[in-house]
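J.: Kindly generate the corresponding structure for this input.
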Amino acid sequence: TTDAKPGIVTIGGPSVARGYRGEPDLTARTFTAAGYRTSDLGQVGADGVLRILGRADDVVVVHGVNVSPLAVERVIGDLPDVSHVAVVAAPDVAGEPSLHAFVEVRDDGPDVSDPAIAAVVDHLGWAARPVMHRVDHLPHLPNGTVDRRLLQERATAGREDS
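T.: Numbers count the residues shown, from 1 in each chain. Okay, here's the model as predicted:
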């Protein structure tokens with residue numbers, strides 16, 4: 001169906017294997033009557049195009065709902081004034097997981113918190129709603145990737161400084 005809720009992507013067809021050789025338990029977990037069950041989360045849009053939202057093994061359970069931080073990043077990153085975004089999970093004051101979006105805006109652009117939250121809720125649902133943090137620059141590790149551990153520490157400490 002189109003405009004369906006996000007779910008695990010399953011592929012099938014004549015070129016898909018029937019199972020893993022000598023691995024009956026893994027085959028039973030991965031191959032279904034519908035085909036090969038990937039570890040990808042996807043959603044078919046109204047245009048009929050499958051969009052990969054992230055990995056099923058990279059989800060956070062927020063208020064009982066599986067949410068992909070990568071999917072939240074993609075929605076926020078599509079906003080015109082956003083130059084970079086990173087989304088991490090951190091426990092809230094009650095110890096429950098919550099999402100935190102750390103956002104760089106282009107050229108000292110406007111606050112994007114309200115449009116970002118509205119876009120996330122519209123595309124992914126209420127549980128995906130992140131706490132917004134505007135930063136001058138995302139922190140990076142020496143290899144160039146975003147330092148997500150540092151962002152988790154900032155989210156846990158409630159610090160919004162960059």
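J.: Around T145, count how many other residues there are.
T.: Using other Cβ atoms under 10 Å, the number of residues around T145 comes to 10. Every residue, glycine included, has its C-beta placed from N, CA and C.
J.: Any chance of the backbone angles for it?
T.: With angles defined as degrees, to the nearest 10, T145 sits at phi -80, psi 160.
J.: Repeat that for G109.
T.: Main-chain dihedrals, G109, degrees, to the nearest 10: phi -70, psi -180.
J.: Can you get me a residue count around it?
T.: 14.
J.: Then V62?
T.: So V62, with other Cβ under 10 Å, has 20 neighbours.
J.: For it, list each beta-bridge partner.
T.: In this entry, V62 is beta-bridged to V65, by DSSP bridges.
J.: all helices for this structure, in order.
T.: Applying DSSP state H to the chain gives helices spanning 24-30, 69-77, 113-124, 148-157.
J.: Buried deepest among those, which one?
T.: Most buried of those by mean neighbour count (mean count of other Cβ atoms under 10 Å) is helix 69-77; its value is a mean of 22.
J.: Report all helices and strands that that one contacts.
T.: Under the contact definition 3 or more Cβ pairs under 8 Å, 6 or more residues apart in numbering; DSSP states H and E, helix 69-77 sits against strand 50-55, strand 82-91, strand 97-105, helix 113-124.
J.: out of the helices of the chain, nearest to A94?
T.: helix 148-157 (12.8 Å; Cβ to Cβ).
J.: Average pLDDT for that closest one, rounded please.
T.: On average, the pLDDT along helix 148-157 is 92.
J.: what does it rub up against?
T.: Contact partners of helix 148-157, identified using Cβ atoms under 8 Å, 6 or more residues apart in numbering, comprise 86, 88-91, 98, 100, 102, 131, 133, 138-139, 160-161.
J.: now with 6 Å?
T.: With Cβ atoms under 6 Å, 6 or more residues apart in numbering as the test, helix 148-157 has contacts from A86, V88, A90, H100, F102, P139.
J.: what inclination does it have with respect to strand 97-105?
T.: Helix 148-157 and strand 97-105 are oriented at 110 degrees to each other (axes from the mean of the first three to the mean of the last three Cα atoms, to 10 degrees).
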